[in-house]
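> next come a sequence and a model predicted from it.
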Amino acid sequence: MAFSYSLEQPCSQSNRRTLLATLLFATGGIVGWPFALALAIPFVFEELFVFGVDRVPQEIRWSWTVHRWKRLFFSGAAAALLFVRRSSDFIYM
């Protein structure tokens, strides 16, 4: 599932792609095989450095970059909540 979302072209208009791909990669790493998170590395590089369908003029390139980095950071923070919740279940058992 995560790979199917990562196949969409990156663009600034769609937050869904970033959030769902990040959450699904994290879920696969936590519930399934931990090394599955290594499959997310190309997605992260693409999200941070590839323009995709966006046409970014030189004047707004910095703000575009900051927006994309923030979006990936917040999606990663949401995915980290899955890990925190899952690991706390083991602590109290």
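Yep, that arrived. Everything quoted here is computed from the prediction, not taken from an experiment. Numbering: from 1, shown residues only.
> any idea of the mean pLDDT for stretch 25-40?
Taken as a whole, stretch 25-40 has a mean pLDDT of 82.
> check what pLDDT the spatially most central residue of the chain gets.
Nearest residue to the geometric centre of the chain (C-alpha atoms, centre = their mean): Thr22, 3.4 Å. Per-residue pLDDT puts Thr22 at 85.
> could I have the strand or helix carrying it exported to PDB, CA atoms only?
Per DSSP states H and E, Thr22 falls inside helix 15-31. These are the backbone C-alpha positions of helix 15-31, laid out as PDB (Å, rounded to 0.1, in the frame of the first residue of the first chain):
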ATOM      1  CA  ASN A  15      -0.700  16.400   1.300                       C
ATOM      2  CA  ARG A  16      -2.500  13.000   1.100                       C
ATOM      3  CA  ARG A  17       0.400  11.300  -0.700                       C
ATOM      4  CA  THR A  18       3.000  12.300   1.800                       C
ATOM      5  CA  LEU A  19       0.900  11.500   4.900                       C
ATOM      6  CA  LEU A  20      -0.500   8.100   3.700                       C
ATOM      7  CA  ALA A  21       2.800   6.900   2.300                       C
ATOM      8  CA  THR A  22       4.600   7.800   5.500                       C
ATOM      9  CA  LEU A  23       2.000   6.300   7.800                       C
ATOM     10  CA  LEU A  24       1.900   3.100   5.800                       C
ATOM     11  CA  PHE A  25       5.700   2.700   5.600                       C
ATOM     12  CA  ALA A  26       5.800   3.200   9.400                       C
ATOM     13  CA  THR A  27       3.000   0.700   9.900                       C
ATOM     14  CA  GLY A  28       4.800  -1.900   7.800                       C
ATOM     15  CA  GLY A  29       8.000  -1.300   9.700                       C
ATOM     16  CA  ILE A  30       6.300  -1.600  13.100                       C
ATOM     17  CA  VAL A  31       3.800  -4.400  12.500                       C
END
